[in-house]
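Engineer: Kindly return the folded structure for what I paste below:
(one chain, ligands or ions: 1)
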Amino acid sequence: MNILQRLDACIELNDEERMLLDSVRTLCRDRIAPRAAHFDRTAEFPWEHVKAINEIGLNAMFIPDAYEGAQMSYTAYLACVREISQACASTGIIWATNYHSMKPLIDWGTEAQKQRLLPRIAQGGMGALAITEPGAGSDATGMRTAFREDGDEIVINGGKTFITNGDVADLYLLFGKWEGISGAKESISVLVLEKGTPGLSVVRLEDKMGTRASSTATLAFDNCRVPRANLLGNPGDGLKILFASLNKSRPSVAAHALGIARAAFEDAIAYINERKQSGKRILEFQGIQFMVADMASELALVESYLWQIGRLVDSGVTDFGIEASLLKMRASDLAMRAATDAVQLLGGYGYCKDYRAERLMRDAKITQIWEGTNQVHRQLIGRSFLQR
Ligand SMILES: Cc1cc2nc3c(=O)[nH]c(=O)nc-3n(C[C@H](O)[C@H](O)[C@H](O)COP(=O)(O)OP(=O)(O)OC[C@H]3O[C@@H](n4cnc5c(N)ncnc54)[C@H](O)[C@@H]3O)c2cc1C
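Structural biologist: I've put the predicted structure just below:
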């Protein structure tokens, strides 16, 4: 066992969670990893992977038992995200987005909302989290999508951009501004929009550098009507719900990034143990050993921190926003660096599509951009040390 395998063996999971993780590993090895290059090349949505994930009922692991789920720990969830993302970064983010979009409903929804909506996701339905707009990226308070109350209904007008799963979702967790409440922050509200609602349309799908099989949609809302019963909390509760949910989704995108980083590291190590130049294996050169040592030590430390945050959340801690920022920032910077180094270590072959390193380098880039860019996270972390 190398140090990273030893670290994996120490992840705190119960027997049931370990068995599930083993099934996910088998699924990734046999069905997801072998088709990842195909889906990257064609940019087709990987329904075949979603079907495989649903065959083992994986969504249920983050849905409480009362709503047809079979809830497991946050640590077990993070371990599954990392595993799937290591096999296929597109599939990893597609699945994780189900969690990102439904966790606020689980945490903030009423009993009636959860009874009505969550079983659909537990049975394999897809979710989307819709915050970003063309004029509101890093600063979500600039969003313009409008929610207007009309009797027992809410009328939605506006649009969202860059929405993962936006064209395939069954349920959308949608943020907008409540007409009649003034203030860019105070008016933010959140509701659940259901697939097939008249007035909801997909305007375009992005043709991306990486995570190409995951769909990224621009959505338009033209007088969409949803029942008032789909509002989460009260009008104006949106920002509070947004911050609380980002705390849980940031470690999740860190796990996604660490899946990419681990794939890059393992591919590079396998290659430089085989490839010879000047009569030696590449890994026998000291300059290369230094690169490997830097990658391995950073992987070991950031992965350890991922499991630490998992334990923190599982122990009931809720105030971990800065820890989540720190983890997201370091994991995504590591993914980019490990993937770039893997390409370097494979030499000219790393630059060609026959090897996975090329895809990993493209997949890694987005991890530094979404769920708060790393500039924004550096600002949040630095600012947290300002003395009041
Ligand atoms: C593939 C993909 C999938 C996505 N999925 C989703 C999704 O499912 N749901 C969703 O709502 N959104 C999603 N997004 C949107 C993503 O979260 C935003 O792209 C991201 O928040 C950045 O916003 P922006 O692109 O408008 O960049 P901008 O906010 O315009 O930033 C441009 C540059 O300015 C920098 N910058 C901005 N503000 C500051 C600051 N205060 N200090 C320092 N630098 C700053 C940024 O770091 C960046 O380098 C996705 C995006 C992509 C590309």
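Engineer: measure His38 to the ligand for me?
Structural biologist: Separation of His38 from the ligand (C-beta to the nearest ligand atom, to the nearest Å): 20 Å. C-betas here are computed from N, CA, C, even on glycine.
Engineer: Can you get me a residue count around that residue?
Structural biologist: For His38, the count of nearby residues is 12 (other C-beta atoms under 10 Å).
Engineer: Which residue, other than its chain neighbours, is closest to it?
Structural biologist: Of all residues beyond its chain neighbours, the one nearest His38 is Glu44 (8.0 Å), with distances taken as C-beta to C-beta, 6 or more residues apart in numbering.
Engineer: before we move on, what about Thr164?
Structural biologist: Thr97 (4.7 Å).
Engineer: Name the residues of the stretch 201-350 of the chain found near the ligand, please.
Structural biologist: Counting by C-beta under 6 Å from any ligand atom, the stretch 201-350 of the chain comes close to the ligand at Lys208, Thr216.
Engineer: In the stretch 201-350 of the chain, what residue lies closest to the ligand?
Structural biologist: Thr216 (4.4 Å; C-beta to the nearest ligand atom).
Engineer: Asp207 is in contact with that residue, correct?
Structural biologist: No - with contact defined as C-beta atoms under 8 Å, Thr216 does not count as touching Asp207 (9.2 Å).
Engineer: before we move on, the earlier item: list the buried residues in the helix or strand hosting the residue nearest to Thr164.
Structural biologist: Element membership for Thr97, per DSSP states H and E: helix 89-108. Neighbour-count burial for helix 89-108 flags 89-106, 108 (criterion: 16 or more other C-beta atoms under 10 Å).
Engineer: check the residues you listed against the ligand, which are close?
Structural biologist: Near the ligand, by the rule C-beta under 6 Å from any ligand atom, you find Thr97 out of the buried residues of helix 89-108.
Engineer: any idea where the helices of the stretch 1-150 of the chain begin and end?
Structural biologist: Assigned by DSSP state H, counting those that start in this stretch, the stretch 1-150 of the chain shows helices spanning 3-9, 15-27, 33-42, 47-55, 74-87, 89-108, 111-122.
Engineer: could you dump these to a markdown table with mean pLDDT and distance to Ala331?
Structural biologist: Shown next, in a markdown table, are the helices of the stretch 1-150 of the chain (pLDDT from 0 to 100; distance: least, C-beta to C-beta, whole Å):
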| stretch | mean pLDDT | distance to Ala331 |
| --- | --- | --- |
| helix 3-9 | 94 | 14 |
| helix 15-27 | 98 | 19 |
| helix 33-42 | 98 | 20 |
| helix 47-55 | 98 | 22 |
| helix 74-87 | 98 | 10 |
| helix 89-108 | 98 | 13 |
| helix 111-122 | 98 | 26 |
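Engineer: Nearest to Leu171 among those helices would be which one?
Structural biologist: When those are compared by C-beta to C-beta, helix 111-122 sits nearest Leu171, at 6.1 Å.
Engineer: residues in contact with Asn14?
Structural biologist: Counting by C-beta atoms under 8 Å, 6 or more residues apart in numbering, Asn14 touches Ser73.
Engineer: The one 10 residues further on too?
Structural biologist: Val24 is in contact with Ile56, Leu58, Cys80, Glu83, Ile84, counting by C-beta under 8 Å, 6+ apart.
Engineer: which pair in the residues you listed spans the largest distance?
Structural biologist: Across the contacts of Val24 (C-beta to C-beta), the longest gap, 12.2 Å, separates Ile56 and Glu83.
Engineer: still on that earlier bit, tabulate the helices of the stretch 1-150 of the chain (JSON lines), appending distance to Glu186.
Structural biologist: Output for those, formatted as JSON lines (distance: least, C-beta to C-beta, whole Å):
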{"stretch": "helix 3-9", "distance to Glu186": "44"}
{"stretch": "helix 15-27", "distance to Glu186": "41"}
{"stretch": "helix 33-42", "distance to Glu186": "42"}
{"stretch": "helix 47-55", "distance to Glu186": "38"}
{"stretch": "helix 74-87", "distance to Glu186": "31"}
{"stretch": "helix 89-108", "distance to Glu186": "17"}
{"stretch": "helix 111-122", "distance to Glu186": "23"}
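Engineer: Out of those, flag the one nearest Ala66.
Structural biologist: That would be, of these and by C-beta to C-beta, helix 111-122, which comes in at 7.6 Å.
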